[in-house]
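Student: just a sequence and a predicted model for now, questions to come.
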Amino acid sequence: MIVVMNPGTGEKEVTRITDKLKKMGYGVHISAGESRTIIGVIGQRREEVAQAMEAMPEVEKVVFISRPFKLAGREYHPENTVIRIGDLTIGDAELVIMAGPCAIENEEQLIEAAEAVKKAGARVLRAGAFKPRTSPYSFQGLEQQGLKFLNRVREKTGLLIVTEVMDQFTAEEVAECADIIQVGARNMQNFYLLRELGRLRKPVLLKRGLSATIEEWLMAAEYILSGGNYDVILCERGIRTFEPYTRNTLDLSSVPLVKQLSHLPVIVDPSHGTGLSGLVPAMSKAALAAGADGLMIEVHPNPQEALSDGPQSLTPAQFRTLTRELKGVALSVGRLI
Ligand code: PEP
Ligand code: MN
């Protein structure tokens, strides 16, 4: 259940109530919104506890949460979550563009891509050092060497870094380098990894699993949130359907739906969502129109020579044109780029 405090209730009163709940054996999560504080109460549902809480003068109401995702749901946290990383905000009116190559191939390629996406307006550089490849014979990523290149590129360009973590054993070293840790589609239900990311206090970008339902996706986010890490960004990247023309089917209806169900920011990856660079501009615009808080787009200095995901990568020139066109779409839905 959640305990909704009266608007303007002070910290002392909130502590009085949380102490009382803890003495009764409940866990508590405090969510301090702009106007009111909400206490998430974790433990057995008991009517008499709810009644006792409701009888307290500082309490406006007590609500039983019906959905299985307690902390990710809007019932618990009605206002949008805004994640702050340095001077970047994710989840408010300003849209975030994350862009860069699928994989780090060498330092020159990474710098070239980073400078190009920065010039076109991206604030976050995406690039994989650890790559989850379908075939063990495909390029697997530069791993630790890639992380070193990312550190140097951040210093050089000032871009923030989002990069993928593959398992809980390398989570700490990836967290040291990344400003945002990416959990790939294939790892969405790696619960040991999710638990570890709940412990490490770095923002997490959680991609939707290849065939995950929206509830499974939000429950995966719940693992991270319940570990005490509230900075979770959801990323729709397409799901597997019967349609072979596209790599995945980009489920854009999930964007407004997840935003109704959850307070977490939602971004869209039209590159993996379609697998075809020719579809990326249209789907990027559609994603913003659907209410996405940002985009993750693959950009490669020379897509034809890319070691992974070349067919879905934009050239720097195509990306520049796209970011220019996106400004109008953003304005039309009351957002800014
Ligand atoms: C990626 O971002 O390069 C990637 C592997 O994405 P996904 O996990 O969505 O397939
Ligand atoms: Mn990729």
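Tutor: Okay, I see it. Ligands and ions are numbered 1, 2, ... in the order given.
Student: C-alpha only now, for contacts and for neighbours.
Tutor: Will do.
Student: what is the burial count for the closest residue to A103 other than its chain neighbours?
Tutor: Leaving out its chain neighbours, the residue that sits closest to A103 by C-alpha to C-alpha, 6 or more residues apart in numbering is G128, at 4.4 Å. Residues contacting G128 under the criterion other C-alpha atoms under 10 Å number 24.
Student: what does the one 3 residues further on give?
Tutor: The number of residues packed near K131 is 22, by other C-alpha under 10 Å.
Student: got a list of what it touches?
Tutor: Contacts for K131 (C-alpha atoms under 8 Å, 6 or more residues apart in numbering) come out as A103, F139, Q140, G141, E164, M166.
Student: report the separation between the second one and E298.
Tutor: When C-alpha to C-alpha, to the nearest Å is the yardstick, F139 and E298 sit 17 Å from each other.
Student: between the two, which one's more packed in?
Tutor: Set F139 next to E298 and count neighbours by other C-alpha under 10 Å: E298 wins out with 31 against 14.
Student: contact partners for the more buried one?
Tutor: Contacts of E298 by C-alpha under 8 Å, 6+ apart are A99, G100, P101, C102, R126, S271, Q312, S313, L314.
Student: nearest to ligand 1 among the residues you listed?
Tutor: Nearest to ligand 1 out of the contacts of E298 is C102 (C-alpha to the nearest ligand atom; 4.7 Å).
Student: shouldn't the closest one be in contact with G128?
Tutor: Yes - at 5.9 Å, C102 and G128 qualify as touching, with contact defined as C-alpha atoms under 8 Å.
Student: can you give me the helices for the stretch 101-250 of the chain?
Tutor: Remark: helices assigned in the stretch 101-250 of the chain by DSSP state H, counting those that start in this stretch are 107-119, 144-157, 171-177, 191-199, 214-226.
Student: ok, Y223 - contacts?
Tutor: Here Y223 is in contact with F191, L194, R195, G198 (C-alpha under 8 Å, 6+ apart).
Student: shouldn't T321 be within a helix?
Tutor: Yes - secondary structure of T321 (DSSP: H, G, I helix; E, B strand; the rest coil): part of a helix.
Student: and the gap between the residue of the stretch 201-337 of the chain at minimum distance from ligand 1 and G146?
Tutor: Nearest residue of the stretch 201-337 of the chain to ligand 1 (C-alpha to the nearest ligand atom) works out as R237 at 5.3 Å. Separation of R237 from G146 (C-alpha to C-alpha): 23 Å.
Student: got it, and R335?
Tutor: With C-alpha to C-alpha as the criterion, R335 and G146 are 34 Å apart.
Student: which of those two has more neighbours?
Tutor: Per other C-alpha under 10 Å, whichever of R335 and G146 has more neighbours is G146, with 22 against 18.
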